[in-house]
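Student: Next one to model:
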Amino acid sequence: MSRIQIVLTVIGAGFAAVNYVIYWAAGRANSLPVAPLVLCCVFLPLLFCLIFGQVAAEKFPRVYETLKWIYISIGLLYTVSFIVFSVFVTSVPYDGGEGADVYIVFGCKTNGYTPTYALQRRLDHAYGLLTADPNAVAVLSGGQGADETVSEAESMRAYLTARGIDGDRLIVEDRSTSTVENIRYSVKLLEERGLGGKKLCAVSNDFHVKRILLHAKYLGVELTASPAKTDSPGKLWQNLIREYMVWVRRLVTGSWE
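Tutor: Numbers count the residues shown, from 1 in each chain. Okay, the predicted model is just below:
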């Protein structure tokens, strides 16, 4: 392989590997078997090319050239698609949330009653919205993961009440385990409390709200979104990678559940 070919291959393979490692570390249990398989698919061909590439090129030139360019093309396609996806997700304008009757605050990983960075950004944004409109209420939506000691909803309730938000304005939805369930169970809970038909606004991170809006459309739920800005480039990169893999999985399986 020429130097430029090696560089392109390493870039594509390395980018894919970093994506999957971070997604593996941050994902749910059902994502664990995927990452090792993909890492093997990424690095084993690369290792083979770097060690045995010259021999393979001499003995099987056509096969080698075909497989080499397929591999490089996939790596570049993966890299370019991620860049386009990142722009698509983060550059869409969203409603600021003004005038909403109910804010649905989407949960994510929490360490006991201590929210993670992403969850704290959501809660601080929700706090600002609830403070600005004392008549609005919020649904705190998030169940308890296998590695969590309390539900995400309960952690959110504790955080907001500690900052002075009246607990009577907070509705706890602690059964959901996915974004679709966040929306479905929150709407059902509001209907049970006589709050159906209210103007809804989703509160989550900037990298997450686009998926929320698509899920809501899929469920036939009308809502706007007010994103919490991710002020850390490193955190934004990490979470965009995870979002990318979630979207890929949705597209591959054809399911938005």
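Student: tell me which element residue 140 is part of?
Tutor: With elements delineated by DSSP states H and E, residue 140 resides in strand 137-141, which encompasses its position.
Student: Quick one: list the elements packing against that strand.
Tutor: When contacts are defined as 3 or more C-beta pairs under 8 Å, 6 or more residues apart in numbering; DSSP states H and E, strand 137-141 packs onto strand 102-106, helix 152-162, strand 170-173, helix 179-192. Just so you know, the C-beta spots here come from the backbone N, C-alpha and C atoms, and that holds for glycine as well.
Student: Can you list the strands that that strand pairs with?
Tutor: If you go by DSSP bridges, strand 137-141 pairs up with strand 102-106 (parallel), strand 170-173 (parallel).
Student: any chance of those in a markdown table, plus mean neighbour count?
Tutor: Output for the strands paired with strand 137-141, formatted as a markdown table (neighbours: other C-beta atoms under 10 Å):
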| stretch | mean neighbour count |
| --- | --- |
| strand 102-106 | 26 |
| strand 170-173 | 20 |
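Student: Make a markdown table out of those strands and add distance to residue 141.
Tutor: Output for those, formatted as a markdown table (distance: least, C-beta to C-beta, whole Å):
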| stretch | distance to residue 141 |
| --- | --- |
| strand 102-106 | 6 |
| strand 170-173 | 4 |
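Student: quick one: which of those is nearest residue 89?
Tutor: With respect to residue 89, and counting by C-beta to C-beta, the nearest of the strands paired with strand 137-141 is strand 102-106 at 15.2 Å.
Student: and that closest one, how far out from the chain's middle?
Tutor: Remark: strand 102-106 is offset 17 Å from the chain centroid, using C-alpha atoms, centre = their mean, to the nearest Å.
Student: Centre of the chain to the strand holding residue 140, how far?
Tutor: With C-alpha atoms, centre = their mean as the basis, the mean position of strand 137-141 lies at 20 Å from the chain mean.
Student: Please save the CA atoms from that strand in PDB.
Tutor: Coordinates of the C-alpha atoms in strand 137-141 are reproduced here as PDB (Å, rounded to 0.1, in the frame of the first residue of the first chain):
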ATOM      1  CA  VAL A 137     -45.400  22.100  35.100                       C
ATOM      2  CA  ALA A 138     -42.900  19.500  34.100                       C
ATOM      3  CA  VAL A 139     -42.900  15.800  33.600                       C
ATOM      4  CA  LEU A 140     -39.600  14.200  34.700                       C
ATOM      5  CA  SER A 141     -39.300  11.100  32.500                       C
END
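Student: related to what we said a few turns ago, now render the strands paired with strand 137-141 as CSV, adding distance to residue 127 and mean pLDDT.
Tutor: Converted to CSV, the strands paired with strand 137-141 look like this (distance: least, C-beta to C-beta, whole Å; pLDDT from 0 to 100):
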stretch, distance to residue 127, mean pLDDT
strand 102-106, 10, 98
strand 170-173, 11, 98
